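Participant: Predicted model and sequence follow; I will ask about them next.
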Amino acid sequence: MAFSTGLSGLNAASKDLDVIGNNVANAATVGFKQGQAQFADIYANSLFGAGNNTVGIGTRVAAIAQQFTQGDITVTNRQLDLAISGNGFFRVSNNGTIAYTRNGQFSLDKDGYIVDSNGDHLTGYLAGPNGIINSVSPVDLQIPTGDLAPTATTKITGQFNLDSRSAVNTTPFSITDPNSYTNATSLKVYDSLGNSHDVNLYFTKTSVDPTTNNATWTVYASVDGTTQVGTGPIGTLTFNSSGSLVSQTDSTGAAVTGPITLPTIAYGNGAASGNLTLNLSGTTQFGNSYTPNTLTQDGYSSGRLTGFTFNADGTIVGTYSNTQSMVLGQVALANFNNVNGLIPLGNNLWAESAASGIPIVGVPGGTNLGKLQAGAVEASNVDLTAELVHMITAQRNYQANAQTIKTEDQLMQTMVNL
């Protein structure tokens, strides 16, 4: 009996050393989760059950349990390195076969897919042309390489201070005669093909009411400095004696309370005609120099992808050469009711099993899911000091069980000698 008991102890200690050696070997493996050998005692069964003085017959390996504690986050400053701070696993696909990993060392393949070192595709949710995430079901994440389509300008927003000290200008307006307007400014707008055009705005002080002291300014516009927008002014602005804008009219002379609608602009070169509005809310007429405080428009040209970043919620934001940014997709994470039920596959991968339960898929920062940290990885959670101490203990256990067998051998030899 003692031989088999000692042998089971040797096997258990050997298995413990195997687990410890595997932990030590993977101390530098990104996303590795250390294992722990768990043992159970063995008793012989009898027909009528065990008595109070039953002697055990050794030990066996009950389980090799992986410890899914958080590893240290190590900053790498590499764009495609991702670390999960909290619960969850990256979800990767190998031609539709799904596995799970904590190793966030990803790269781009030749087709723009985000892949791990095994070539498996990171999965998540893709965004539509408008940057809205389609979160119906996870798919392989692919970074689009095509140009960002241009957007034609539809809105111009400006806020100016027109100098109340300016004299009334009675010279008929002409875009080629600087004496025919009081002030002017320019900004770039874009047509439907992404071509840029210079829109010039001209402000001319045309009258001051002697009774109310209200001042009227006429606004003109031109495209590319050669073509006047419309056949006359695009609108008028009236200011009270406090310098506040009190009324506006459009190119037809009709009163407007919001943005002024400009006459249609024919850009040419195959581009669609432009229909723009001009919002001058907040424009003032004070006794100070002419100042364009703000001047913006909502169009942009086509752009090439110049880079992308990951946010803490897993969204992938692309930046383009036209200074625009667009959401390209979002990384998906998965978690399980029983992570210890996952089946280790090697290569830092696990597979779901009946014991783990089905994956609960969501986005970083969602319920029971950690957040992402870009430019960093999660280090192995192996504590080398503890493992070396544990190795000494396992070695002592092995020696002690070997001594059990040696002692039993001596006893047997004594009996033979008798």
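Facilitator: Cool, got the structure. Numbers count the residues shown, from 1 in each chain.

Participant: Next up, the contacts around Thr291.
Facilitator: Applying C-beta atoms under 8 Å, 6 or more residues apart in numbering to Thr291 gives the contacts 160-161. (Glycine included, C-beta is placed from N, CA and C.)

Participant: One more pass at 6 Å, please.
Facilitator: Residues near Thr291 by C-beta atoms under 6 Å, 6 or more residues apart in numbering: Asn161.

Participant: try the one 3 residues further on
Facilitator: For Thr294, the contacting residues are Gln159, by C-beta under 6 Å, 6+ apart.

Participant: part of a strand, is it?
Facilitator: Yes: counting by DSSP: H, G, I helix; E, B strand; the rest coil, Thr294 falls inside a strand.

Participant: any idea whether the closest residue to Ser241 other than its chain neighbours is helix, strand or coil?
Facilitator: Counting by C-beta to C-beta, 6 or more residues apart in numbering, Ser241 lies nearest to Asn213, which is 4.1 Å off, once chain neighbours are set aside. Secondary structure for Asn213, judged by three-state DSSP, is coil.

Participant: How many neighbouring residues does Asn213 have?
Facilitator: With neighbours defined by other C-beta atoms under 10 Å, the count for Asn213 comes to 12.

Participant: helix or strand right after the host helix or strand of Thr306?
Facilitator: Using DSSP states H and E, the element containing Thr306 is strand 305-310. Downstream of strand 305-310, the first helix or strand assigned by DSSP H and E is strand 315-320.

Participant: returning to what we had before: do I have it right that the residue nearest to Ser241 meets Ser242?
Facilitator: No: Asn213 is beyond contact range of Ser242, at 9.6 Å (criterion: C-beta atoms under 6 Å).

Participant: From Thr291, how far off is the residue nearest to Ser241?
Facilitator: 22 Å (C-beta to C-beta, to the nearest Å).

Participant: Lys406 versus Met412, what's the distance?
Facilitator: Counting by C-beta to C-beta - Met412 and Lys406 are separated by 11 Å.

Participant: Val339 too?
Facilitator: 42 Å.

Participant: in what helix or strand does the nearest residue to Asn169 once chain neighbours are set aside lie?
Facilitator: Once flanking residues are discounted, Asn169 sits nearest to Thr204: 5.0 Å by C-beta to C-beta, 6+ apart. Assigned by DSSP H and E, Thr204 belongs to strand 196-208.

Participant: Could I get the average pLDDT for that strand?
Facilitator: Average pLDDT, strand 196-208: 96.

Participant: which strands and helices sit next to that strand?
Facilitator: strand 183-190, strand 215-223 (3 or more C-beta pairs under 6 Å, 6 or more residues apart in numbering; DSSP states H and E).

Participant: The first one pairs with which strands, and in what direction?
Facilitator: The reference is to strand 183-190. The pairing partners recorded for strand 183-190 under DSSP bridges are strand 196-208 (antiparallel).

Participant: what's the strand it pairs with in contact with?
Facilitator: With C-beta under 6 Å, 6+ apart as the criterion, strand 196-208 contacts 162, 166, 168-169, 181-190, 215-224.

Participant: quick one, that strand and strand 215-223 angle?
Facilitator: Relative orientation of strand 196-208 versus strand 215-223 (axes from the mean of the first three to the mean of the last three C-alpha atoms, to 10 degrees): 160 degrees.

Participant: Quick check: the residue lying closest to Lys33 once chain neighbours are set aside vs Leu82, distance?
Facilitator: Spatially, and ignoring its direct neighbours in sequence, Lys33 is nearest to Gln66 (4.6 Å; C-beta to C-beta, 6+ apart). Using C-beta to C-beta, we find Gln66 at a distance of 21 Å from Leu82.

Participant: These two - which one has more neighbours?
Facilitator: Higher neighbour count among Gln66 and Leu82: Leu82, with 24 against 18, using other C-beta under 10 Å.

Participant: Where do the strands of the stretch 151-300 of the chain begin and end?
Facilitator: Shown for the stretch 151-300 of the chain, the strands assigned by DSSP state E, counting those that start in this stretch span residues 155-161, 183-190, 196-208, 215-223, 227-228, 235-239, 245-250, 255-256, 260-261, 277-279, 291-297.

Participant: Can you give me the buried ones in the last one?
Facilitator: Under the neighbour-count criterion of 16 or more other C-beta atoms under 10 Å, strand 291-297 has Gln297 buried.

Participant: Repeat that for the third one.
Facilitator: Neighbour-count burial for strand 196-208 flags 197, 199-206 (criterion: 16+ other C-beta under 10 Å).

Participant: Redo those residues as a markdown table? Include distance to Ile73.
Facilitator: Output for those, formatted as a markdown table (distance: C-beta to C-beta, whole Å):
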| residue | distance to Ile73 |
| --- | --- |
| His197 | 49 |
| Val199 | 50 |
| Asn200 | 53 |
| Leu201 | 52 |
| Tyr202 | 57 |
| Phe203 | 56 |
| Thr204 | 62 |
| Lys205 | 62 |
| Thr206 | 65 |
